[in-house]
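Trainee: give me a 3D structure for the following:
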Amino acid sequence: MPPPPFYNADKTNEMDQRIRVLVAKPGLDGHDRGAKVIARALRDAGMEVIYTGLRQTPEMIVNAALQEDVQVIGLSILSGAHNAIVPRIMELLRQRRMEDVIVVVGGIIPDGDAAELKKQGVAAVFQPGASLQEIVEFIRSQVRQTA
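Mentor: Numbering: from 1, shown residues only. Below is the predicted model:
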């Protein structure tokens, strides 16, 4: 059987080095098209993506991140509930000693709220118009910095 396409015999098995990203839709927001586009772009960029689906609680998201041993949590929030949901996720990550997990948020987030989320530990906030390549490159650079 041939090796998987991402295998490079000259290096260690890259499967062990793939970036693992959990993409989640927290809260009651039922619009998941953007999250699915992001999930596919990350997958196409060689990342391993776990998509949780709609209507996830902060507890469900953090539990899934722990069980899946992800390096990154990507939250897609269009409902305006980011000021309630994201601080709870950050708190749960601290409680579980998962501060090394990178959290990125995408959606309709006002600039002032984005700045506050970053103060709470969110690595980046991607607002409408952010390119898929920008998101992929940001995640790669952040994971390299924490490795």
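
Trainee: what's near enough to touch residue 30?
Mentor: When contacts are counted by CB atoms under 8 Å, 6 or more residues apart in numbering, residue 30 touches 54-55. From N, CA and C alone the C-beta is placed, and that goes for glycine too.

Trainee: check residue 98 too.
Mentor: Applying CB under 8 Å, 6+ apart to residue 98 gives the contacts 62, 65-66.

Trainee: likewise for residue 45?
Mentor: Counting by CB under 8 Å, 6+ apart, residue 45 has contacts 136, 140.

Trainee: residue 118 versus that one, what's the distance?
Mentor: 24 Å (CB to CB, to the nearest Å).

Trainee: same check, this time on residue 108
Mentor: Distance, residue 108 to residue 118, using CB to CB: 16 Å.

Trainee: same deal with residue 140?
Mentor: Distance, residue 140 to residue 118, using CB to CB: 19 Å.

Trainee: how about residue 138?
Mentor: From residue 138 to residue 118 the distance is 13 Å (CB to CB).

Trainee: what of residue 36?
Mentor: Distance, residue 36 to residue 118, using CB to CB: 25 Å.

Trainee: go on, residue 97?
Mentor: As judged by CB to CB, residue 97 and residue 118 stand 21 Å apart.

Trainee: neighbour count: those two, which is higher?
Mentor: Comparing residue 97 with residue 118 by other CB atoms under 10 Å, the one with more neighbours is residue 118, at 13 against 7.

Trainee: which SS class is the more buried one?
Mentor: Classification of residue 118 by DSSP: H, G, I helix; E, B strand; the rest coil places it in helix.
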